[in-house]
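Asker: next input, structure requested:
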Amino acid sequence: MAAREQAGLVDAPRDPTPLGPREVEGRTLATLISTGTELNAAYLGSHFPATPGYAAVFEVERAGAGAGLAPGEVAFCMGPHRSWQRASVEDALPVPPGLDPLWASFARLMNVAMSTLTTTTARPPQTVLVTGLGPVGHLAARVFMLCGYEVVACDPDPARRAAAERAGLPRVLESVPLRDPAVTGRVALALECSGAEAAALDCCRAVRKRGEVVLVGVPWRRGSDLSAHELLHGIFHHYAVVRSGWEWEVPRQPAEFVTGSMRENLGAALRWLADGRVSVAELYAPARPDEIQAVYQALLGRTWPRPAAVIDWR
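Answerer: Residues are numbered from 1 along each chain as shown. All right, here's what the predicted structure looks like:
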């Protein structure tokens with residue numbers, strides 16, 4: 001990205017340093033566009049040039065002696081949008097055979113919700129509320145449903161609600177049902193994935209005593225005239241535990257005496273995508289690398305045919 005709302009392909013040299021014994025590299029097969037982070041922090045950002053992207057799938061062409069991956073294997077890494085990836089073996093996960101590389105890139109978005117899954121005190125079959133059904137919220141709702149929670153999902157966008165219903169979510173609503181005693185006061189965990197102040201307040205009002213409200217969606221900009229007092233009132237009188245849903249709270253690698261890791265969560269996400277437990281067919285439309293400017297602009301204007309875009313580099 002050379003400037004605000006200006007994206008394109010540029011020639012760039014590959015890393016000239018020798019490949020390390022625990023490194024792999026190869027041609028990119030797919031990269032996923034994160035609509036929240038990339039649009040708000042990069043495409044509409046103020047620091048240029050920028051090289052966005054954090055979910056890549058590539059075919060290994062060269063591997064260090066201790067890498068554990070062989071040429072020809074397909075791997076996932078948190079690489080940017082570029083035609084060639086290099087990663088340490090600690091940061092590269094093998095993609096299960098047969099899994100479409102475009103689908104495999106969604107493991108990164110599933111990992112966002114799985115960090116909350118790792119850290120929450122809520123346990124199945126308690127009720128989980130998800131507000132905001134963009135790609136992250138949609139996958140969050142499905143991950144928690146798969147783990148045995150009773151999931152209530154909300155979004156004002158009818159297309160997003162329809163996609164969630166087709167994915168099998170049992171209760172999809174336009175807004176948080178604050179007057180429904182079957183939900184309000186019974187929610188053990190609310191994942192706020194929209195970044196909207198009003199949704200965060202609704203989450204605080206819906207949770208049970210000492211229920212958690214996890215702010216997964218980034219509040220990129222002010223979206224309402226709600227006051228801090230209203231939010232504080234909701235937190236205090238509903239005994240809510242409010243915290244960030246920052247995915248990096250979970251350690252990147254497994255470690256002794258520590259519960260969970262991003263690597264384990266990403267590995268599970270890849271397996272669930274491969275065995276059919278999670279389908280992302282309706283979440284994205286593929287695009288060519290040379291379409292990148294039009295893709296970002298369409299995602300920004302919400303005219304892209306699906307909630308997300310995956311760049312197919314093949």
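Asker: which strand or helix spans the most centrally placed residue in the chain?
Answerer: For the chain, the residue nearest the mean C-alpha position is residue 109 (2.3 Å; CA atoms, centre = their mean). Using DSSP states H and E, residue 109 maps to helix 107-119.
Asker: so how far is the next helix-or-strand element following that helix from its chain's centroid?
Answerer: Later in the chain than helix 107-119, the nearest helix or strand by DSSP H and E is strand 127-131. Distance of strand 127-131 from its chain centroid, counting by CA atoms, centre = their mean, to the nearest Å, is 16 Å.
Asker: what packs against strand 127-131?
Answerer: Using 3 or more CB pairs under 8 Å, 6 or more residues apart in numbering; DSSP states H and E, the elements in contact with strand 127-131 are helix 135-146, strand 150-154, strand 187-192, helix 197-206. Using the backbone N, CA and C atoms, a C-beta is placed for each residue, glycine as well.
Asker: for residue 249, find the nearest of those.
Answerer: strand 187-192 (13.9 Å; CB to CB).
Asker: give the pairing partners of the closest one; include direction for each.
Answerer: Strand 187-192 sits in its sheet next to strand 127-131 (parallel), strand 207-215 (parallel), going by DSSP bridges.
Asker: possible to save those as CSV with distance to residue 142, mean neighbour count and mean pLDDT?
Answerer: Formatted as CSV, those follow (distance: least, CB to CB, whole Å; neighbours: other CB atoms under 10 Å; pLDDT from 0 to 100):
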stretch, distance to residue 142, mean neighbour count, mean pLDDT
strand 127-131, 9, 29, 98
strand 207-215, 16, 21, 97
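Asker: export the ones you listed to a markdown table and append columns for distance to residue 161.
Answerer: Formatted as a markdown table, the strands paired with strand 187-192 follow (distance: least, CB to CB, whole Å):
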| stretch | distance to residue 161 |
| --- | --- |
| strand 127-131 | 12 |
| strand 207-215 | 21 |
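Asker: out of those, which comes closest to residue 309?
Answerer: strand 127-131 (22.1 Å).
Asker: retrieve the pLDDT associated with residue 34.
Answerer: Residue 34 is assigned a pLDDT of 88 by the prediction.
Asker: please apply the same query to residue 221.
Answerer: Residue 221 carries a pLDDT score of 88 in this model.
Asker: nearest spatial neighbour of it, chain-adjacent residues omitted?
Answerer: In space, and not counting its chain neighbours, residue 221 is closest to residue 40: 7.8 Å by CB to CB, 6 or more residues apart in numbering.
Asker: was I right about that neighbour contacting residue 217?
Answerer: No. Using CB atoms under 8 Å, residue 40 is not in contact with residue 217; the gap is 10.6 Å.
Asker: so after the longest strand along the chain, what's the next helix or strand?
Answerer: Criterion DSSP state E: the longest strand present in the chain is strand 23-33. With elements assigned by DSSP H and E, the helix or strand that comes after strand 23-33 is helix 35-37.
Asker: distance between that next one and the chain's centre?
Answerer: What separates the centre of helix 35-37 from the centre of its chain is 9 Å, taken as CA atoms, centre = their mean.
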